[in-house]
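Engineer: Next one to model:
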Amino acid sequence: MNDANEIRHYGTREIAARLWPVVRPYRRGIAMAAGLIAIVGIFMSVIPLFTKYVVDVAIPQQRFDLAVRAMGLFLLLQGLRMVLWFRAQNLLLRIREDVIYAIRVQGFRHLQRLCMRFHGLYPSGYLHDRVFERSICSIGSFLALILSNLTVYASGLLFSLAACFYLSVPMTLLLLVCALVYVLVSRRMSPRIHQKSLAANEAHTQIHSFILDKLRGTKTVQALSLEEEVQKDFEARIEPTKVKWISAQREMLKLGFASEGVGYLITAAVHVVGIWAILRQDMPLGTLIAFIGYQGQFISFTVQLTNVYGQYSVARAGFDQLYTILDTHSSVVDEPSAALPASIRGELVLENVSFAYANRTVLRQLDLTIRPGQKIALVGRSGSGKTTITNLLMRFYDPDTGRITLDGTDIRLLPLRDYRAQFGVVLQDPYLFNDTVAANLRVVKPGASDATLWEALERACAADFVRQFPEGIDHEIGEAGSRLSGGQRQRLAIARCMLLEARLLVLDEATSALDNETEALVQRAMEALFVDRTAIIIAHRLSTIRKADRILVLDEGQLVEEGSFEELLAMNGLFHRLYTIATSSSLHRIKMDEAGFA
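Structural biologist: Just a heads-up that it's a prediction; the model follows:
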């Protein structure tokens, strides 16, 4: 898996090749809009010809009617131009938003499928800003510029240049020389714009991630009276970001300054040469006025086209950030020939499994067999590898060495999502979506009726508190279930697991936030849930451990003891020592934590 912090730089051809599959479905609409906009550009470019006609024909002949007719035709053409522009912009607005929508969908789909090793390295705020905020906004702005204005700039530029050659070849050559100077200056400045825009975007991403992290931890910050420290940290971080953003914008200002200066130089040169030609009677006044108009259009279109290049340099930073993420590959992938067996018994076997997080070894050559229908409890000190085993069983990670099999088949040869669908999961700190109670339950069973939901809530001992909500199962539970207590969140997660009716169950301290009375009720509900299912339980409460078919004692990533509750106590080994610590009356809670039972 490559490092997403190392931004890859993509060339123009590569970016175009990546965008083309997204844009291709709209190529006819884009072509139609481009045609309309090209006509708009031509209509804009004929404006100086009306001025020339009035000055060189209508006024010398003292024909007011000719001037009125010329202005009538002018209004007709410009009215038609406005209608065509409106139609083209309406069409492009939908296309642009569809393309941005498709890129967002592509980005979200990719993030959803990247492995937990990746998500463990990068905060959610960092990824959100990379894929959905600043990067996508810069790309969207560039697409809007390209789709809406590029054609009118190009067509207007070509028509203006042709008109300039028609009116005066020498002055047009002078115009081209000055414009070439501007283009060369712009191309020289664009790499700096890209480099500094990329640095500014990266700094903004880090700030965005910092803000989200601290906002999510507001309760902890206030509980520990860390407001001033966090504020100072924020100000220290945002100052360099401000400097980088100003630096990037300054490069854009320099480009604008250069383009404006070249424009004034061209205007002055055209006026001097044109007036000299008029005084020598080599050019009518109307021709000079028309040429000045076309010169203004030509320079304007040249500046706009060159600015497109400058804005592309800014957008490239967004492309680089976005596609670096999209080109990051998961370390957990489906094999092309992966297929799920017709029937699943539920036997899980770990064979010589070793695993490390960021070079910190957690499991060492672990061998373990979980037979179908068994209720297995994993116990041990914090960091002994209990949760890592469940993460590997669910293929959130793959082992560094060794293999895991389901009914004799390596789980890496099974379809990833179909395999995970065999598991029902309740975590120690269950995550609930910012939606209603019903919606959080129906994520695992979309077609479930209200009666089915209430049945699951009853079995999970959650129905009583849900009935107390004015909206019942339609009650909004807040971000991550923030409007519920810890015990209520766990009971909803248990109800969700019961709805799933999975073959394999993973319960990571699923009853830790329940009081003793509620835990006893939920335990009875779980006993029914465990029938004919394989269950792996990380449970520190002794009541849960006592009822397990087998208890596996882990220490420093290795299985050191296993057996029933009574058998392990009789061994007088590590489990007996942990149990003695956990049941000691002195400093009970501290000892529970030390033993790994709290």
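Engineer: Report pLDDT for Arg371.
Structural biologist: In this prediction, Arg371 carries a pLDDT score of 90.
Engineer: Next one: it from Asn440, what distance?
Structural biologist: Distance, Arg371 to Asn440, using CB to CB, to the nearest Å: 33 Å. C-beta coordinates here come from the backbone N, C-alpha and C atoms, glycine included.
Engineer: Strands along the stretch 301-450 of the chain, start to end?
Structural biologist: With DSSP state E, counting those that start in this stretch as the criterion, the stretch 301-450 of the chain has strands at 348-357, 360-370, 375-380, 401-406, 409-410, 423-426.
Engineer: tell me the most buried of these?
Structural biologist: Mean neighbour count, computed with mean count of other CB atoms under 10 Å, is highest for strand 375-380 among the strands of the stretch 301-450 of the chain, reaching a mean of 24.
Engineer: So for Arg371 and Asn440, which residue has more residues nearby?
Structural biologist: A direct count of neighbours by other CB atoms under 10 Å for Arg371 and Asn440 places Asn440 higher, at 23 against 14.
Engineer: residues contacting that one?
Structural biologist: By CB atoms under 8 Å, 6 or more residues apart in numbering, the contact set of Asn440 is 432-433, 477, 481, 492, 496.
Engineer: now do 10 Å
Structural biologist: 430-434, 453, 473, 477, 481, 489, 492-493, 495-496 (CB atoms under 10 Å, 6 or more residues apart in numbering).
Engineer: For the residues you listed, give me JSON lines that also has pLDDT, distance to Leu505 and neighbour count.
Structural biologist: Below are the contacts of Asn440 laid out as JSON lines (pLDDT from 0 to 100; distance: CB to CB, whole Å; neighbours: other CB atoms under 10 Å):
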{"residue": "Pro430", "pLDDT": "77", "distance to Leu505": "14", "neighbour count": "22"}
{"residue": "Tyr431", "pLDDT": "78", "distance to Leu505": "18", "neighbour count": "10"}
{"residue": "Leu432", "pLDDT": "83", "distance to Leu505": "19", "neighbour count": "24"}
{"residue": "Phe433", "pLDDT": "83", "distance to Leu505": "21", "neighbour count": "12"}
{"residue": "Asn434", "pLDDT": "83", "distance to Leu505": "26", "neighbour count": "14"}
{"residue": "Leu453", "pLDDT": "90", "distance to Leu505": "20", "neighbour count": "23"}
{"residue": "Ile473", "pLDDT": "90", "distance to Leu505": "24", "neighbour count": "19"}
{"residue": "Ile477", "pLDDT": "85", "distance to Leu505": "23", "neighbour count": "22"}
{"residue": "Gly481", "pLDDT": "75", "distance to Leu505": "21", "neighbour count": "23"}
{"residue": "Arg489", "pLDDT": "84", "distance to Leu505": "18", "neighbour count": "23"}
{"residue": "Leu492", "pLDDT": "86", "distance to Leu505": "16", "neighbour count": "25"}
{"residue": "Ala493", "pLDDT": "85", "distance to Leu505": "12", "neighbour count": "26"}
{"residue": "Ala495", "pLDDT": "87", "distance to Leu505": "14", "neighbour count": "28"}
{"residue": "Arg496", "pLDDT": "87", "distance to Leu505": "12", "neighbour count": "25"}
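Engineer: Looking at the residues you listed, spot the one nearest Arg345.
Structural biologist: Closest approach to Arg345 among those (CB to CB): Arg496, at 24.6 Å.
Engineer: which residues touch the closest one?
Structural biologist: By CB under 10 Å, 6+ apart, Arg496 lies in contact with 424-426, 430, 432, 440-445, 453, 456-457, 460, 462.
Engineer: Name the helix or strand for it, please.
Structural biologist: Assigned by DSSP states H and E, Arg496 belongs to helix 486-500.
Engineer: same thing with His110?
Structural biologist: Per DSSP H and E: His110 is located in helix 64-113.
Engineer: and that helix, what does it pack onto?
Structural biologist: The contact analysis (3 or more CB pairs under 10 Å, 6 or more residues apart in numbering; DSSP states H and E) places helix 64-113 against helix 12-23, helix 27-45, helix 47-53, helix 124-132, helix 134-167, helix 285-326.
Engineer: Okay, angle between that helix and helix 12-23 too, please.
Structural biologist: Orientation of helix 64-113 against helix 12-23 (axes from the mean of the first three to the mean of the last three CA atoms, to 10 degrees) gives an angle of 90 degrees.
Engineer: Helix 64-113: how far from the chain's middle?
Structural biologist: In terms of CA atoms, centre = their mean, to the nearest Å, the centre of helix 64-113 is found 29 Å from the chain centre.
Engineer: Val230 and Phe108: what is the separation?
Structural biologist: Using CB to CB, Val230 is found at 30 Å from Phe108.
Engineer: okay, these two: which has more neighbours?
Structural biologist: Neighbour comparison, Val230 and Phe108: the larger count goes to Val230, with 17 against 12 (by other CB under 10 Å).
Engineer: So, low pLDDT: which residues of the stretch 301-450 of the chain?
Structural biologist: Within the stretch 301-450 of the chain, the stretches with pLDDT under 70 are 306-307, 309-310, 313.
Engineer: one more time with 80, if that's ok
Structural biologist: Low-confidence segments of the stretch 301-450 of the chain, defined by pLDDT under 80: 301-318, 321, 326, 328-338, 342, 358-359, 427-431.
Engineer: Can you give me the end-to-end span of stretch 381-394?
Structural biologist: Separation of the first and last residues of stretch 381-394 by CA to CA, to the nearest Å is 22 Å.
Engineer: what's the angle from the biggest helix by length in the chain to helix 134-167?
Structural biologist: The longest helix of the chain (DSSP state H) is helix 227-279. Calculated by the same axes, to 10 degrees, helix 227-279 forms an angle of 10 degrees with helix 134-167.
Engineer: and helix 227-279, what other elements does it pack with?
Structural biologist: Packing partners of helix 227-279 (3+ CB pairs under 10 Å, 6+ apart): helix 169-216, helix 218-223, helix 285-326.
Engineer: deepest of those, which one?
Structural biologist: helix 285-326 (a mean of 22).
Engineer: Can you give the distance of that helix from its chain's centre?
Structural biologist: Remark: helix 285-326 is offset 30 Å from the chain centroid, using CA atoms, centre = their mean.
Engineer: could you give the angle of it to helix 169-216?
Structural biologist: 30 degrees.
Engineer: Can you give the distance from stretch 368-379 to the centre of its chain?
Structural biologist: Put simply, stretch 368-379 sits 38 Å off its chain's centre (CA atoms, centre = their mean).
Engineer: typo on my end, stretch 367-376
Structural biologist: 39 Å.
Engineer: what do you get for stretch 47-56?
Structural biologist: So, by CA atoms, centre = their mean, the centroid of stretch 47-56 is 54 Å from its chain's centroid.
Engineer: which residues are contacting that stretch?
Structural biologist: With CB under 10 Å, 6+ apart as the contact definition, stretch 47-56 has outside contacts at 58-59, 63, 66-71, 73-74, 77-78, 81, 160, 163-164, 166-167, 284-297.
Engineer: Work out for me the element Pro60 sits within.
Structural biologist: Taking DSSP H and E as the definition, Pro60 sits outside all helices and strands.
Engineer: Backbone dihedrals for it, both of them.
Structural biologist: Torsion angles at Pro60 (phi, psi; degrees, to the nearest 10) stand at phi -60, psi -40.
Engineer: quick one: it from Ser45, how far?
Structural biologist: Distance check for Pro60 against Ser45: by CB to CB, it reads 25 Å.
Engineer: Alright, I will stop here.
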